[in-house]
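Enquirer: Below is the structure, and that's it, no one-letter string:
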């Protein structure tokens, strides 16, 4: 399909979503379902005007999906304005660790005995399907950092943690298949399962804390380094994920930890209730807020969060649309279709 037609379709879709988003919220569906429907309509299942081969185009699809998850994980970390010592973290931790392990295990059994997959492929399938995607879960996540709804907090925190906690099982599946990048045995148990997770959290925490403190110092003490908060957001994501990759630790947990650390810096400076900065920012006092001794931390965190949420929505549109386009008749057989309700209505609820 010509690029001009892609521009036309994406523009029409984005305008339509902007116009009907408030109406969609009153219906039993999400805008994500609309993106998927448009992708299916354009793809080989229906009109056939667009086609993407996930085997041939796997390289750039992987990087695009990786970017979407990283932006979403950082956004999730910024939303979680709760002390790490608070008891509210107990439920998300159980969901992200115990529930994930049970889900991976049950999907693995179904993959071997039902879908006829080799063990390594079944483990890999379980690791891919076990996490609740933080990008697609945005509709039921915390609406703001000051939102104290416990159910939303549990879903938000679990969505942030589980991409990192299931990464070792992805590596295990690749290792059992004998593919590059995978691992198994004692190296997997000691390094990928424990060491890489702890290392990723440490890298992200250090990057987020150091950069947050540095920017606040420059802004409050010298009235410097304000503006371009979007560069700061993407830069911190790149620093934490890149450093984690070079150190061979869990990059997803590093990015989540960076967001949590930046929020922790803000919370430590402003206390339990951050000052209201949105109205002042709209009134044109961004420079004043960015350099204010008391309000600068809250402004920094909210500015970065606002930018990340916008990028997250754009990437969600693109990726879900591509998923719809990639669906072809050869991927849809009865066993696969029946596996979907089994995962959503039996395996996942039992694990929870």
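Expert: That came through fine. Only a predicted model underlies this, so the values are computations on that prediction, with no experimental measurement involved.
Enquirer: use CA for all of it now, contacts and neighbours both
Expert: Will do.
Enquirer: what residue ranges in the stretch 1-150 of the chain score low on pLDDT?
Expert: Counting by pLDDT under 70, the ranges of the stretch 1-150 of the chain that qualify are 1-2, 134-138.
Enquirer: Just the helices from it, written as ranges.
Expert: 3-24, 31-42, 58-79, 90-94, 100-113, 119-129, 150-165 (DSSP state H, counting those that start in this stretch).
Enquirer: so how far is the first one from its chain's centroid?
Expert: The one in question is helix 3-24. Relative to its chain's centre, helix 3-24 lies at 23 Å (CA atoms, centre = their mean, to the nearest Å).
Enquirer: and the end-to-end length of stretch 80-100?
Expert: 20 Å (CA to CA, to the nearest Å).
Enquirer: From the rest of the structure, what touches that stretch?
Expert: 130-131, 145-146, 150, 153-159, 161-162, 165-166, 260, 263-264, 267, 351-352 (CA atoms under 8 Å, 6 or more residues apart in numbering).
Enquirer: re the thing from before, now mean neighbour count too, for the helices of the stretch 1-150 of the chain, in CSV please.
Expert: Output for those, formatted as CSV (neighbours: other CA atoms under 10 Å):
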stretch, mean neighbour count
helix 3-24, 12
helix 31-42, 19
helix 58-79, 21
helix 90-94, 16
helix 100-113, 21
helix 119-129, 22
helix 150-165, 23
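Enquirer: Format those helices as CSV; extra columns: distance to residue 298.
Expert: CSV is the format used below for these (distance: least, CA to CA, whole Å):
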stretch, distance to residue 298
helix 3-24, 28
helix 31-42, 30
helix 58-79, 11
helix 90-94, 25
helix 100-113, 34
helix 119-129, 35
helix 150-165, 20
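Enquirer: Any idea which of those helices gets closest to residue 175?
Expert: Residue 175 lies closest to helix 119-129 among the helices of the stretch 1-150 of the chain, at 7.4 Å (CA to CA).
Enquirer: and the angle from the closest one to helix 100-113?
Expert: 140 degrees (axes from the mean of the first three to the mean of the last three CA atoms, to 10 degrees).
Enquirer: How far away from the center of its chain is helix 119-129?
Expert: For helix 119-129, the distance to the chain centre is 20 Å (CA atoms, centre = their mean).
Enquirer: which secondary structure elements does that helix contact?
Expert: The contact analysis (3 or more CA pairs under 8 Å, 6 or more residues apart in numbering; DSSP states H and E) places helix 119-129 against helix 100-113, helix 167-176.
Enquirer: report the angle between the axes of it and helix 167-176?
Expert: 160 degrees.
Enquirer: Go ahead and name everything in contact with helix 119-129.
Expert: Contacts of helix 119-129 (CA under 8 Å, 6+ apart): 103-112, 166-167, 169-177.
Enquirer: shaky segments in the stretch 201-350 of the chain?
Expert: 222, 224-228, 272-297, 299.
Enquirer: What segments of it are helices?
Expert: 229-246, 251-270, 278-282, 286-291, 296-326, 334-342, 348-351.
Enquirer: which parts of the first one are buried?
Expert: Right, the one you point to is helix 229-246. For helix 229-246, a neighbour-count test (16 or more other CA atoms under 10 Å) marks 229-230, 232-234, 236-241, 243-244 as buried.
Enquirer: Can you lay out these as TSV showing distance to residue 218?
Expert: Listed next are those as TSV, based on distance: CA to CA, whole Å:
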residue	distance to residue 218
229	14
230	17
232	14
233	17
234	19
236	17
237	20
238	21
239	19
240	21
241	24
243	24
244	26
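Enquirer: Of those, which is the nearest to residue 329?
Expert: residue 241 (36.7 Å).
Enquirer: For residue 208, find the nearest of the helices of the stretch 201-350 of the chain.
Expert: Across the helices of the stretch 201-350 of the chain, closest to residue 208 is helix 251-270 (CA to CA), at 4.3 Å.
Enquirer: Point out the other helices and strands that that closest one packs with.
Expert: Using 3+ CA pairs under 8 Å, 6+ apart, helix 251-270 sits against helix 58-79, helix 150-165, helix 196-222, helix 229-246, helix 296-326.
Enquirer: Would you tell me which of those gets closest to residue 50?
Expert: When the helices and strands packed on helix 251-270 are compared (using CA to CA), the closest one is helix 296-326, at 6.5 Å.
Enquirer: list the helices and strands the closest one packs on?
Expert: helix 31-42, helix 58-79, helix 196-222, helix 229-246, helix 251-270, helix 286-291.
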